[in-house]
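> make a model of this:
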Amino acid sequence: MSLKKVETGRAPEAIGPYSQGMLCPDDCVPFEISGQLPIKPGEKNLIVGDMDAMTHRSLQNLAGILEAAGGKVQDLAKVRVYLTDMDQFEHMNGAYGVFMEGHSPARACVEVSGLPMGAPIEIEAVAYIPKENIPPRYR
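Numbers count the residues shown, from 1 in each chain. Sure, this is the predicted structure:
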């Protein structure tokens, strides 16, 4: 199973490491991943670092949850990024592109007035995981 990019000239071309849309075959299950802050597993505080490091940490957390459900980064269909300062977009976008390693799920990025714990970034996603990859405890 693999997600299929949807690309059309009837909408603007993607201007970053994302796609206009993603389709999933019938043999997969949608998986919603809650927003992830830049906090290391087992810790309770935001990491110290720049937007590149914070983006990477948030994406690592998201990938960890995805892998626990039997998925992988290539199963991501939609990512939503929340920033408290849109001036940090280019730093987030660069770190995001490196992390995705060529995978380009559909994406939205918005500026918000605040996030939990005063975080500058939060990332949530929707993935489609092949049914056979989901661990038995989650079936």
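> next up, the contacts around the residue nearest to the spatial centre of the chain.
In the chain, the centroid-proximal residue (Cα atoms, centre = their mean) is Val79; its distance is 4.2 Å. Contacts for Val79 (Cβ atoms under 8 Å, 6 or more residues apart in numbering) come out as Tyr18, Pro105, Ala106, Arg107, Ala108, Ile123, Glu124, Ala125. Just so you know, the C-beta spots here come from the backbone N, C-alpha and C atoms, and that holds for glycine as well.
> do Cys24 as well
Counting by Cβ under 8 Å, 6+ apart, the residues that Cys24 touches are Met1, Leu3, Lys4, Pro30, Ala77, Tyr128.
> could you redo the last one with a cut-off of 7 Å?
Neighbouring residues of Cys24 by Cβ atoms under 7 Å, 6 or more residues apart in numbering: Leu3, Ala77, Tyr128.
> pLDDT wise, what is it at?
Looking at Cys24, its pLDDT is 82.
> begin at 522, not 1, for the rest of this chat.
Sure, I'll start counting at 522 from here, so that last one is Cys545.
> dihedrals phi and psi, it?
phi -120, psi 140 (degrees, to the nearest 10).
> coming back round to it: can you list the strands that the host helix or strand of the residue nearest to the centre of the chain pairs with?
Per DSSP states H and E: Val600 is located in strand 597-604. Sheet pairing for strand 597-604, assigned by DSSP bridges, gives strand 627-632 (parallel), strand 642-651 (antiparallel).
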